[in-house]
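Asker: For reference, the sequence and a predicted model appear below.
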Protein chains: 2
Amino acid sequence: MRLKVDLLPRGSYPDVVILVDVLRGTTNAPILLEAGAQHIYLTPSLKTARLYAQENNLLLVGERDGVPIEGSNYPASPAELRNLSLERDVMYMAQSTPQAVRNLQGAKHVLLGSFYNARAVVKTAVELATEEIAIVCTGHDGNETLEDTVCAGFLARRIEKMKEVQLLDAARMAMALVRAFPDVQEALVQSSTGQQLQKLRLYEDIAVSSLISQTDRVPKLLEVIHHEETPVYRFQ
Amino acid sequence: MRLKVDLLPRGSYPDVVILVDVLRGTTNAPILLEAGAQHIYLTPSLKTARLYAQENNLLLVGERDGVPIEGSNYPASPAELRNLSLERDVMYMAQSTPQAVRNLQGAKHVLLGSFYNARAVVKTAVELATEEIAIVCTGHDGNETLEDTVCAGFLARRIEKMKEVQLLDAARMAMALVRAFPDVQEALVQSSTGQQLQKLRLYEDIAVSSLISQTDRVPKLLEVIHHEETPVYRFQ
């Protein structure tokens, strides 16, 4: 089996993709399921997000550049979200994740992964994969991010222990990078996104996003709904 | 000043670029100057390389997939080239380097760098730069390579010691990766390209490409010559 790490979304994905957006898209996603949402919805358009949420009685959770979106019920803060008990499904207005999902067309299975659901997402990926697991980093504005790469390396190392895999150099790099950050929180603190969160005093979000294997929930793409030509992705 | 690392050539480069192709393009290039060539020429087309070399009485040095090209005077082996004494200029038919140079248009200064000329290329780049030093990894067939990334990190760490710089995450990643390979030769041995060279028993090439600051020669792009519409890059 091939084990691939893409430091940014690109190329084609024939089989299983683990999409990684540690700060904070794919950390929040399993937390929202854990907090009680049956489904979470993502879409690249804010307008569609608001409209679709209204039409379907969804909670709104959202951020732009680390700041809560007007009209959202909760901020996209893992530190806050993990203390909630939700009784409705959620439209999650993550900044980079939905656009990244859009760039994964072709994949048979799209899973959302992070440190927070590391053990579970690795287990699910290994069970589903027949030919390839691609760990795809979301990055930020077309640039690689430190936190996503270290997380990709962290997940790749766990997969390599479970399966015999062929590796390309990007996977080797990400896996070696984990050795340079024995405390993964340090990578999050040093990253550009982490520095932006620290300016906003969201220290607790960095801490929670560094926690490992806190939940067994693995958001999995079930359906792409087309809402006035904009895709809405339903995860469960 | 900005210090940028691109794990593959992309984007635009306003100022100084250090192009890195450790195995073996940008290791051989300073070695060829050190061995006595006044100029070295690179071009993405093999046909142009042969024709231009013939017309201009140049030595031919070349490889494809680690194997010497038919008709070349010397193989592209740093271990062999560094023992030579050349009395003519060289057409260097490196595999990935010329195409990468082609993708750098816009840059004011293009330097070829590797471990082998690390100290000198860093010094030259810092002297020339007014706004940005971009360390650009050549990669292989559109994929990031371990050896280029570690070398980029190695050069970036030295630049950071000399100048106050702003960093993006790719630079941080490359710099952190150096910590994971305190012996840089280990990165070359583990890389895909390194493994290919080991299959060809070119162990000595890996060893020589891991040597640090062996020469003060820094190949610098002087001129782009258009030979029947194909660019020929003259370095000195």
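Answerer: Here it is on my side, so go on. Residues are numbered from 1 along each chain as shown, chains lettered A, B, ... in the order given.
Asker: quick one: contacts for residue A:226?
Answerer: residue A:232 (CB atoms under 8 Å, 6 or more residues apart in numbering or on different chains). In short, each C-beta sits where N, CA and C put it, glycine included.
Asker: Could you verify that it is part of a strand?
Answerer: Yes - per DSSP: H, G, I helix; E, B strand; the rest coil, residue A:226 lies within a strand segment.
Asker: Any figure for the gap between it and chain B?
Answerer: Computed as CB to the nearest CB, to the nearest Å, the residue A:226 to chain B distance reads 32 Å.
Asker: what pairs with that residue across the strands?
Answerer: Residue A:226 forms beta bridges with residue A:231, as assigned by DSSP bridges.
Asker: Please report how far the residue most central in space within chain A lies from residue A:45.
Answerer: With distances taken as CA atoms, centre = their mean, residue A:26 lies nearest the centre of chain A, 2.2 Å away. Per CB to CB, to the nearest Å, residue A:26 is found 19 Å from residue A:45.
Asker: so where is chain A shaky, pLDDT-wise?
Answerer: Applying pLDDT under 70 to chain A picks out residues A:66.
Asker: Mind checking what helix or strand follows whichever strand or helix holds the residue nearest to the centre of chain A in sequence?
Answerer: Assessed by DSSP states H and E, residue A:26 sits inside helix A:25-34. Once the chain leaves helix A:25-34, the next helix or strand it forms, by DSSP H and E, is strand A:40-42.
Asker: I'd like the next helix or strand past that next one.
Answerer: Counting by DSSP H and E, the next helix or strand C-terminal to strand A:40-42 is helix A:46-55.
Asker: got the contact list for that following helix?
Answerer: Helix A:46-55 has contacts (CB under 8 Å, 6+ apart) with A:41, A:43, A:58-60, A:62, A:69, A:71, A:91, A:93, A:227-228, A:230, A:232.
Asker: which one's the longest helix in chain A?
Answerer: For chain A, the longest helix by residue count, based on DSSP state H, is helix A:146-162.
Asker: Spell out which strands sit alongside the next helix or strand after that helix in the sheet and which way each one runs.
Answerer: Once helix A:146-162 ends, the next helix or strand along the chain (criterion: DSSP H and E) is strand A:166-167. Applying DSSP bridges to the sheet, strand A:166-167 is found paired with strand A:2-6 (parallel).
Asker: Pull the strand it pairs with out as CSV, backbone CA atoms only.
Answerer: Output of strand A:2-6 as CSV, limited to C-alpha atoms (Å, rounded to 0.1, in the frame of the first residue of the first chain):
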residue,chain,number,x,y,z
ARG,A,2,1.1,3.5,-0.7
LEU,A,3,1.3,6.1,2.0
LYS,A,4,1.4,9.6,0.6
VAL,A,5,1.7,12.9,2.4
ASP,A,6,0.8,16.0,0.4
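Asker: Residues contacting that strand, please?
Answerer: Contact with strand A:2-6 is made by A:131-137, A:149, A:152-153, A:156, A:159-160, A:163, A:165-168, A:170-171, A:173-174, as judged by CB under 8 Å, 6+ apart.
Asker: Tell me how many other residues crowd the closest residue to residue A:192 other than its chain neighbours.
Answerer: Leaving out its chain neighbours, the residue that sits closest to residue A:192 by CB to CB, 6 or more residues apart in numbering or on different chains is residue B:169, at 5.2 Å. By other CB atoms under 10 Å in any protein chain shown, the residues close to residue B:169 number 26.
Asker: Could you report the distance from residue B:169 to residue B:74?
Answerer: For residue B:169, the distance to residue B:74 equals 40 Å [CB to CB].
Asker: Centre of the chain to the helix holding residue A:26, how far?
Answerer: 8 Å (CA atoms, centre = their mean, to the nearest Å).
Asker: helices or strands next to it in the packing?
Answerer: Helix A:25-34 is packed against strand A:40-42, helix A:78-81, strand A:90-93, helix A:97-102, strand A:109-113, with contacts defined by 3 or more CB pairs under 8 Å, 6 or more residues apart in numbering or on different chains; DSSP states H and E.
Asker: what do you get if the cut-off is 6 Å, keeping everything else the same?
Answerer: Judged by 3 or more CB pairs under 6 Å, 6 or more residues apart in numbering or on different chains; DSSP states H and E, helix A:25-34 is in contact with helix A:78-81, strand A:109-113.
Asker: residues from chain A in reach of chain B?
Answerer: Chain A has residues A:143-146, A:149, A:168-170, A:172-173, A:176-177, A:179-180, A:191-192 near chain B, with proximity defined as CB under 6 Å from any CB of the partner chain.
Asker: Farthest pair within those?
Answerer: Taking CB to CB as the measure, those span a maximum distance of 24.9 Å, between A:168 and A:192.
Asker: count of neighbours near residue A:189?
Answerer: Based on other CB under 10 Å, the number of other residues close to residue A:189 is 19.
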